[in-house]
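1. have a look; sequence and predicted model below, questions after that.
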Amino acid sequence: MHLRAATRGSALARWQTDHVASLLGTAHDVEAVVVQTTGDRRADTPIWEMGGKGVFVKEVQTAVLEGRADFAVHSGKDLPSEAVSAFGHAGGEGLIIAAVPERADPRDVLVGSRLDDLPAGGVVATGSARRRAQLASLRPDLTFTELRGNIDTRLRRVPRGGAAVMAVAALDRLGLTEHVAEVLEPSVMLPQVAQGALVVECRAGDERVLETLAAIEHEPSRRAVDAERAYLARLGGGCDLPAGAYATIGDDGSVSLEALLASLDGHIVLRAAHHGDDPAGVGAELAEHLLERCGGAWLLAG
């Protein structure tokens with residue numbers, strides 16, 4: 001079967017698409033349809049100024065909707081959470097999240113210096129409000145600078161004597177883990193929603209492609225991603241405040257979710273955990289807890 005996969009043009013995006021093609025096996029010939037997104041074109045503009053993380057997926061989704069591609073491969077953390085990613089639920093309008101393959105390591109890493117080795121006033125490069133807020137909470141003395149671009153660009157822009165924050169999965173996929181100075185455990189740095197996961201979308205009703213992609217679904221990864229995205233969706237996935245979540249799946253399929261919501265300066269960090277059997281329910285209930293019982297609603301309103 002010949003299939004066309006819409007993808008961004010970066011080395012990492014192409015690796016991810018090639019990985020999905022390899023999972024589908026040699027019975028399927030997968031052609032990459034490279035799409036440049038708003039986020040790629042405006043690499044020096046902070047993501048929040050462009051309207052949030054959806055800037056990396058809209059044009060890729062459009063290629064599928066217009067029939068120029070059969071499916072799209074996204075980094076899970078780039079996909080907006082307006083719709084919960086339960087199997088068979090719509091992603092972008094007219095699209096369906098057909099598969100979540102097995103998730104890679106979701107953790108963040110420091111490149112350059114270790115956290116404890118950064119001097120007072122040390123510079124950390126990151127374009128993520130989530131990363132910045134958590135580090136500022138741990139080390140109020142740190143200073144921050146913006147970091148955007150592909151992985152090679154980010155590695156070149158690590159501040160002298162400072163550090164940059166990246167996703168370990170991205171470095172691992174490109175064979176660049178020798179640059180890692182320190183892996184930040186979730187107890188230190190809670191990951192972005194769906195970080196390390198890939199999400200594959202296709203047109204709703206395209207049964208041929210849906211059936212093909214179902215073969216690469218990894219149920220524990222799907223359940224974890226569903227819970228995390230449900231949390232962010234209930235918060236309001238477009239909010240500019242730092243938010244993170246990380247779900248683990250028990251042998252019985254149960255979901256344990258830890259999540260946070262913070263102020264931009266890191267002075268306030270709300271963090272809580274929840275456990276249950278329904279991923280979407282666990283995510284939504286934990287968001288409600290942080291919003292209604294922990295002061296999150298006030299934080300969002302402010």
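-> Arrived safely. Numbering: from 1, shown residues only.
2. C-alpha from now on. contacts and neighbour counts both.
-> OK.
3. need the contact list for T62.
-> With contact set as Cα atoms under 8 Å, 6 or more residues apart in numbering, T62 has no partners.
4. can you tell me the helix or strand for it?
-> Using DSSP states H and E, T62 sits in helix 58-65.
5. tell me how many other residues crowd the residue lying closest to V255 once chain neighbours are set aside.
-> In this structure, V255 finds its nearest non-sequential neighbour in I249, 4.9 Å apart by Cα to Cα, 6 or more residues apart in numbering. Here the count is done by other Cα atoms under 10 Å, and I249 has 20 residues near it.
6. okay, buried residues for the lengthiest helix in the chain please.
-> Criterion DSSP state H: the longest helix present in the chain is helix 219-235. For helix 219-235, the neighbour count (16 or more other Cα atoms under 10 Å) marks 220-235 as buried.
7. could you say what helices and strands that helix packs with?
-> strand 243-249, strand 255-262, helix 279-288 (3 or more Cα pairs under 8 Å, 6 or more residues apart in numbering; DSSP states H and E).
8. tell me how this structure divides into domains.
-> 1-101+197-217, 108-184, 219-302 (automatic domain parsing).
9. Serialize the ones you listed to JSON lines and add fields for mean pLDDT and distance to L190.
-> Below are the domains of the chain laid out as JSON lines (pLDDT from 0 to 100; distance: least, Cα to Cα, whole Å):
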{"stretch": "domain 1-101+197-217", "mean pLDDT": "83", "distance to L190": "13"}
{"stretch": "domain 108-184", "mean pLDDT": "96", "distance to L190": "8"}
{"stretch": "domain 219-302", "mean pLDDT": "94", "distance to L190": "6"}
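10. and P191, which of the ones you listed is closest to it?
-> domain 219-302 (5.6 Å; Cα to Cα).
11. what about the closest one, start to end distance?
-> 38 Å (Cα to Cα, to the nearest Å).
12. and the strands in this protein?
-> Secondary structure of the chain, counting by DSSP state E: strands at 2-7, 29-34, 71-75, 95-99, 108-112, 123-125, 143-145, 163-167, 180-184, 198-203, 243-249, 255-262, 269-276.
13. could these go into CSV alongside distance to R14?
-> Shown next, in CSV, are those (distance: least, Cα to Cα, whole Å):
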stretch, distance to R14
strand 2-7, 7
strand 29-34, 8
strand 71-75, 9
strand 95-99, 18
strand 108-112, 21
strand 123-125, 25
strand 143-145, 28
strand 163-167, 17
strand 180-184, 22
strand 198-203, 12
strand 243-249, 26
strand 255-262, 30
strand 269-276, 35
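14. and those strands: which comes nearest R154?
-> strand 163-167 (7.8 Å).
15. tell me what angle the closest one forms with strand 180-184.
-> 60 degrees (axes from the mean of the first three to the mean of the last three Cα atoms, to 10 degrees).
16. identify the residues contacting strand 163-167?
-> 106-114, 118, 123-126, 131, 147, 154-155, 158, 195-196.
17. and it with strand 108-112, angle?
-> Going by the same axes, to 10 degrees, strand 163-167 makes 150 degrees with strand 108-112.
18. what pairs with strand 163-167, parallel or antiparallel?
-> strand 108-112 (antiparallel), strand 123-125 (parallel) (DSSP bridges).
19. can you give the contact residues for the shortest one?
-> For strand 123-125, contacts defined as Cα under 8 Å, 6+ apart pick out 142-147, 157-159, 161-165.
20. let's see 6 Å
-> Defining contact as Cα atoms under 6 Å, 6 or more residues apart in numbering, one finds that strand 123-125 is touched by T143, F144, T145, E146, L147, G162, A163, A164.
21. would you mind saying which of the helices and strands packed on helix 219-235 lies nearest L300?
-> strand 255-262 (9.1 Å).
22. and the gap between the closest residue to S10 other than its chain neighbours and A170?
-> Using Cα to Cα, 6+ apart and skipping the chain neighbours, the partner closest in space to S10 is N150 (6.8 Å). Distance of N150 to A170, computed by Cα to Cα: 10 Å.
23. with R234 instead?
-> From R234 to A170 the distance is 27 Å (Cα to Cα).
24. next, format the helices and strands packed on helix 219-235 as CSV and append distance to L213.
-> Shown next, in CSV, are these (distance: least, Cα to Cα, whole Å):
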stretch, distance to L213
strand 243-249, 22
strand 255-262, 24
helix 279-288, 21
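25. verify the contact between A136 and G266 for me.
-> Yes - using Cα atoms under 6 Å, A136 makes contact with G266 at a distance of 5.2 Å.
26. more crowded one of the two?
-> The residue with more neighbours, out of A136 and G266, is G266; 22 against 17, by other Cα under 10 Å.
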